[in-house]
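Engineer: Turn this into a model:
(one chain, ligands or ions: 2)
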Amino acid sequence: MTGSSYLRIRSVRKSYKAFTALHDIDLDVEQGAFVALLGPSGCGKSTLLQIMAGLMQPDHGEIHLAGANITDLPPWKRNIGLVFQNYALFPHLSIRQNVRFGLDMLGMSGREAEARVDESLDMVGLDPSLSRRPSELSGGQQQRVAIARAIAIRPRLLLLDEPLSNLDAVLRHKVRLELRQLHDRTGITTIMVTHDQSEALATADRIAVMESGRILQYETPETLYRSPATSFIAGFVGNPPANLLPLSANGADSWTLANGDVWRPIAALSPAANGVTSGTACLMALRPEMLTLRASGDGGLPARISAIEFIGGDRLVHVETGGSRLTVRMPTGDAVAGPQVLLYPPAETPLLFDANSGRRLDPNTH
Ligand SMILES: Nc1ncnc2c1ncn2[C@@H]1O[C@H](COP(=O)(O)OP(=O)(O)OP(=O)(O)O)[C@@H](O)[C@H]1O
Ligand SMILES: [Mg+2]
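Structural biologist: Numbers count the residues shown, from 1 in each chain. Ligands and ions are numbered 1, 2, ... in the order given. Reported below is the predicted structural model:
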C-alpha cells in the first residue's frame with residue numbers, strides 16, 4: 001500500500017520468552033476505516049491490539065499514526081480509545097464519572113466536559129441523566145458505557161477487543177450493528193478484534209485474518225469469502241464455513257477421494273483445467289450454500305445423506321462422500337431425495353488448495 005495510510009504497522013514482532021506471538025506483522029489502515037482482526041484463540045489478536053494501544057512494547061518494528069512514529073509514545077499520549085471484552089468500568093464511579101474519566105485525564109473541565117459526556121452517552125443510546133453505578137446496569141448497557149468512555153476523548157483510533165463476546169446472541173447482534181452505525185456517524189478509525197467470522201464479515205470494511213502470529217490475508221469481506229488465500233481461511237469464513245474435501249489428482253481428468261474412490265467431474269473441475277499435476281494432494285473448498293443435490297446426472301459425487309438439520313429458512317444436509325463428511329445448505333422448501341444422492345459443486349471457479357501448504361492452486365487465484 002501507499003505511504004499515506006493513517007495507521008501503519010511495520011515488521012512488528014513480539015515474543016513471550018521463547019514463544020513468538022507475532023511474526024513481523026505489517027498492516028495498513030486507512031483513515032476512517034473499520035478493520036477487523038479475525039482469528040482463532042491464541043493467534044495474537046490481543047497482543048497486536050495492545051501494541052497499537054501502547055500497553056505493550058514490540059520487540060521489533062514500528063507503529064505510525066497520522067504520519068508520526070508513536071512506537072515509543074506511552075498509551076496516555078496516543079489519544080486512543082480502548083474497549084475490552086469485560087467492560088473494565090470503575091465500579092465505585094457513577095456512569096457519568098466513568099465516561100468523564102478520560103476527559104479529566106486530558107485536563108478538560110466543567111461545562112465542556114459535561115457536554116462531552118452528554119454527547120457520548122447519547123451517541124451510544126444511553127440516557128445522559130443516568131445516575132446509576134455500573135453494577136446496576138445490564139451487560140449490554142455496561143458495554144455501551146465503556147464505548148462512550150472510549151469515544152468521549154474523540155480518539156484518533158478506537159480499539160475494541162472482543163467487545164461483544166460477553167453479550168448474549170441477540171444483544172451481540174444488536175450492539176454490533178450499533179457499533180458500525182456509531183463508526184459511520186463519527187468517522188473514527190476503528191479496529192475490532194474478534195474470533196467470530198460472522199461478526200467480522202458483518203461489520204468491517206476490511207478483515208485481517210490471523211493465524212499463529214501472522215496475517216494470512218487482508219481483504220474486504222467479499223474477497224475473503226469469494227477468494228480465500230488459504231484453505232484455513234476457506235474453512236473459517238462462511239456460515240457454515242466451506243467444506244474442505246481432500247482429493248488427489250488422478251491423471252488429467254479425475255480425482256481420487258479419501259477412501260480411494262475415483263471421481264470424474266465435469267471438465268471445469270478437472271485437475272487439468274485447474275493446472276494441477278497428477279498425484280498432487282489437494283483440498284477442494286466447497287461452500288455449503290453453493291452445492292446442489294440431485295437424483296441423477298453426470299459428473300456428480302456419489303453421496304449418502306446422514307442427517308438433516310432444520311435451521312429456519314434453510315436446511316443443513318449432512319452427507320458422506322468418498323470417505324469425507326460435507327454439509328450442504330439449501331432452502332427448506334427444496335426437496336431432498338435420499339439417502340443416495342449426487343452432489344454437484346458449482347461449475348465455475350473451484351477453490352483448490354495444496355493439501356500440504358494450504359496455498360491456492362487453481363488459476364483463479366485472486
Ligand atoms: N503474558 C503472556 N505470557 C506468555 N504467553 C502469552 C502471554 N500473553 C499471551 N501469550 C500467548 O501468546 C499468544 C497470543 O496471545 P493473544 O492474547 O494475543 O491471543 P488472542 O488471539 O487474543 O487469543 P484470544 O482469542 O483467546 O483472546 C497465545 O498463544 C498466548 O498463550
Ligand atoms: Mg484476545
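
Engineer: Helices of this structure, start to end?
Structural biologist: Listed in chain order, the helices of the chain (DSSP state H) span 45-53, 95-105, 110-123, 139-152, 169-186, 197-203, 221-226, 231-234.

Engineer: Quick check, the residue in the stretch 151-300 of the chain closest to ligand 1?
Structural biologist: residue 195 (4.9 Å; CB to the nearest ligand atom). Bear in mind the C-beta positions are built from the backbone N, C-alpha and C, glycine included.

Engineer: how many other residues sit next to that residue?
Structural biologist: Neighbourhood size, residue 195 [other CB atoms under 10 Å]: 18.

Engineer: My read is that it contacts residue 45, right?
Structural biologist: Yes. Counting by CB atoms under 8 Å, residue 195 touches residue 45, with 7.5 Å between them.

Engineer: Need the overlap of contacts for the two.
Structural biologist: 38, 39 (CB atoms under 8 Å, 6 or more residues apart in numbering).

Engineer: Report the contact partners of the residue lying closest to residue 301 once chain neighbours are set aside.
Structural biologist: Nearest residue to residue 301 in three dimensions, chain neighbours excluded: residue 343, at 4.2 Å (CB to CB, 6 or more residues apart in numbering). Going by CB under 8 Å, 6+ apart, residue 343 touches 291, 292, 293, 300, 301, 302, 303, 319, 321, 326, 328.

Engineer: mind listing which of those residues are in strands?
Structural biologist: Of the positions in the contacts of residue 343, 292, 293, 301, 302, 303, 319, 321, 326, 328 sit in strands, assigned by DSSP state E.

Engineer: how far away is the residue nearest to residue 301 from residue 311?
Structural biologist: As judged by CB to CB, to the nearest Å, residue 343 and residue 311 stand 19 Å apart.

Engineer: Just send the helices of the chain back as TSV, with mean pLDDT and distance to residue 25 too.
Structural biologist: As requested, the helices of the chain are exported to TSV (pLDDT from 0 to 100; distance: least, CB to CB, whole Å):
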stretch	mean pLDDT	distance to residue 25
helix 45-53	96	6
helix 95-105	91	27
helix 110-123	92	31
helix 139-152	90	23
helix 169-186	90	23
helix 197-203	94	17
helix 221-226	94	18
helix 231-234	94	17
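
Engineer: Let's have these in CSV, adding distance to residue 244 and mean neighbour count.
Structural biologist: Output for these, formatted as CSV (distance: least, CB to CB, whole Å; neighbours: other CB atoms under 10 Å):
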stretch, distance to residue 244, mean neighbour count
helix 45-53, 23, 22
helix 95-105, 46, 20
helix 110-123, 43, 16
helix 139-152, 35, 23
helix 169-186, 27, 16
helix 197-203, 15, 20
helix 221-226, 15, 18
helix 231-234, 6, 24
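
Engineer: For these, give me TSV that also has distance to residue 131.
Structural biologist: What follows is those, written out as TSV (distance: least, CB to CB, whole Å):
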stretch	distance to residue 131
helix 45-53	30
helix 95-105	7
helix 110-123	12
helix 139-152	13
helix 169-186	23
helix 197-203	32
helix 221-226	41
helix 231-234	48
